[in-house]
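> predicted model and sequence below, questions to follow.
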Amino acid sequence: MMEKENFRRRSRYILVFGVLAAAFCVVTVLNINTGNVHISIAEICKILIRRGGEGIEANIIWKIRLPRVLMAAILGGALSLSGFLLQTFFSNPIAGPFVLGISSGAKMMVALVMIFFLERYAFVSSYTLIIAAFAGALISTGFILLLSRKMTHMATLLVGGIMIGYICSAITDFVVTFAEDSDIVNLHGWSQGSFSGVSWSNVEVAATVIGVTVVLTFFLSKPIGAYQLGEAYAQSMGVNIRFFRVALILLSSVLSASVTAFAGPISFVGIAVPYLIKHALQTSKPLVVIPGTFIAGAVFCMICDLIARMAFAPMELNISTVTSIFGAPIVIFMMVHGQKGR
């Protein structure tokens, strides 16, 4: 009986990850060959194998579409994993960087850096933006942790997180009011959420920071599994609860800050994707859920970015508009389903 159950579980894992891998490949190709200039799959393979080439098609692939789709994959995976870590921390599936105001805090600090530093130094590195976003994410998270000590009900805490997000957004809007016109133009496109204008240097920085963070998250897989069974059980298994909770917050903040620094605030991905992947895998084991969440988040954001580019081409939608259309109904379903389960 046990062997049959293990076989079913392994088969389910293979099926889900197989579907995710196939979807990743298909969506990547669609993102590269679809646009105002259609590029055939044969031409794409030829250009990628040469690792260069001349002509319009090669420039479009190497300078625009490939870095953009890779960034969408990296940041989508990071945002989903950030949501999973926050849901583990608060023991609630509705917790996420956008809902809790963490993304708004990161947005506020990046906006301040872009306005005040760009005016003086005319250049701000990608690492500077990540550090600024990380600081903003930590500020918002700190306030949320203070609220969590006073508010035991998760619904009340979520409302508090939304209010923190509004405060951060108000500060951002206030500062933008007194910014130069050129800064406002830069901020407007970024603050609405978009993967456009991504360079290879941006991809390298994002991949480095997020890659290291994902590896560190894997090291926490056993403590996460123990913590999911209760704080008392985790302590009995030798988990240092204080260190563990701090590590969760720091890792989730780095992930959400990296997304905000490069693409602006993106909504609902951090809540919807972990929920879907847990139900698809029918498990909460971190060693399975962590890679599944990352890959599913990558696929989800690549699909949303493709829709954002092509739905009303040549006009481009904000990425948060598309993620909200798909993500918000999932969150509503989660809340309704949660109430029925009680």
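Looks like it came in fine.

> quick one: contacts of stretch 249-261?
75, 78-79, 81-83, 85-86, 89, 97, 102-103, 106-107, 110, 126, 129-130, 132-134, 136-138, 141, 145, 206, 209-210, 213, 216-217, 220, 266, 270 (C-beta atoms under 8 Å, 6 or more residues apart in numbering). For the C-beta atoms, the positions are set from N, CA and C on the backbone; glycine is no exception.

> in PyMOL, select just the buried ones from the residues you listed.
Per 16 or more other C-beta atoms under 10 Å, the buried members of the contacts of stretch 249-261 correspond to this PyMOL selection:
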select buried, resi 75+78+79+81+82+83+85+86+89+97+102+103+106+107+110+126+129+130+132+133+134+136+137+138+141+206+209+210+213+217+220+266+270
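
> in strands, which of the contacts of stretch 249-261 appear?
Among these, no member falls in strands (DSSP state E).

> now residue 239: phi and psi?
Taking degrees, to the nearest 10, you get phi -80, psi 130 for the backbone angles of residue 239.

> residues touching it, list them.
The neighbours of residue 239, taking C-beta under 8 Å, 6+ apart as the test, are 223, 226-227.

> pLDDT at it, what is it?
The model reports residue 239 with a pLDDT of 90.

> what do you get for residue 29?
Residue 29 carries a pLDDT value of 95.

> what distance do you get for residue 64 to residue 8?
44 Å (C-beta to C-beta, to the nearest Å).

> neighbour count: the two, which is higher?
residue 64 (16 against 11; other C-beta atoms under 10 Å).

> gap between the helix ranked longest in the chain and the chain center?
Determined from DSSP state H, the single longest helix within the chain is helix 2-33. Distance of helix 2-33 from the chain centroid (C-alpha atoms, centre = their mean, to the nearest Å) equals 21 Å.

> now for it, which elements pack on it?
Packing partners of helix 2-33 (3 or more C-beta pairs under 8 Å, 6 or more residues apart in numbering; DSSP states H and E): helix 41-50, helix 66-90, helix 269-281, helix 286-310.

> hang on, the earlier thing: just the ones in helices from the contacts of stretch 249-261, please.
The helices, defined by DSSP H, take in 75, 78-79, 81-83, 85-86, 89, 102-103, 106-107, 110, 126, 129-130, 132-134, 136-138, 141, 145, 206, 209-210, 213, 216-217, 270 from those.
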